[in-house]
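S.K.: the following block contains a protein sequence and its predicted model.
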Amino acid sequence: MSQEERSNTRDLVYSAWHRTKSLSRFIDTETAMKTAMIDIDGVEYDPLTKKPVALIETAIYGKHHKAATVTRNLAIMAGIPAYVVRYVDADTPNPANVKWPDITEFHVRRIAPDYSETRIMTPTDFAEFLVSLRTRAQRIKAVS
């Protein structure tokens, strides 16, 4: 099971096509404006069962507000937690892929099923948190 990025770029073709200006080529503009979508930044899942364990919206810390209402609603419907994770870029590159900066800290806030205070985590803390999502999901499955 490889965790490597496949292309090192994000394909924005569908995103561009789904915008009002593009959609209004095929449907009226008013309807196109009501055809909303979001991208989910992360679906954490158990690699053995392929079942999702959490939804995550990511953003660079301090850049802008991160709306996550749809992600929250989806997580509640799915019965899994959701988080907004803001990260702080390092001044140094990520040694595993020098094309991108490393991360110095994560600001993690649960948004579903309920809200939590923001927790500041080191990269090690956050990696362990990701593991705990799977452990929690396995415990819940065992109890069910």
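M.R.: Great, that's in hand.

S.K.: when you work out contacts or count neighbours from here on, use the C-alpha atoms and nothing else.
M.R.: Fine.

S.K.: select the longest strand from this structure.
M.R.: Criterion DSSP state E: the longest strand present in the chain is strand 97-112.

S.K.: quick check: angle from the longest helix along the chain to strand 97-112?
M.R.: With secondary structure taken from DSSP state H, the chain has its longest helix at helix 123-143. Calculated by axes from the mean of the first three to the mean of the last three Cα atoms, to 10 degrees, helix 123-143 forms an angle of 50 degrees with strand 97-112.

S.K.: helices or strands next to helix 123-143 in the packing?
M.R.: Applying 3 or more Cα pairs under 8 Å, 6 or more residues apart in numbering; DSSP states H and E, one finds that helix 123-143 makes contact with strand 52-60, strand 97-112.

S.K.: pretty sure residue 45 sits against residue 51.
M.R.: Yes - counting by Cα atoms under 8 Å, residue 45 does reach residue 51; the two are 5.4 Å apart.

S.K.: quick one, which of these two is more surrounded?
M.R.: A side-by-side neighbour count of residue 45 and residue 51, using other Cα atoms under 10 Å, places residue 45 first with 17 against 13.

S.K.: show me the contacts for the more buried one.
M.R.: Residues near residue 45 by Cα atoms under 8 Å, 6 or more residues apart in numbering: 51-54, 134.

S.K.: quick one: average confidence on stretch 64-71?
M.R.: Averaged over stretch 64-71, pLDDT sits at 88.

S.K.: hang on, I meant stretch 128-137
M.R.: On average, stretch 128-137 scores 90.

S.K.: how far out from the middle of the chain is stretch 11-29?
M.R.: 23 Å (Cα atoms, centre = their mean, to the nearest Å).

S.K.: show me what counts as buried in it.
M.R.: When neighbours are counted by 16 or more other Cα atoms under 10 Å, the buried residues of stretch 11-29 are found to be 18, 20, 23.

S.K.: again with stretch 69-80
M.R.: 71-72, 74-76, 80.
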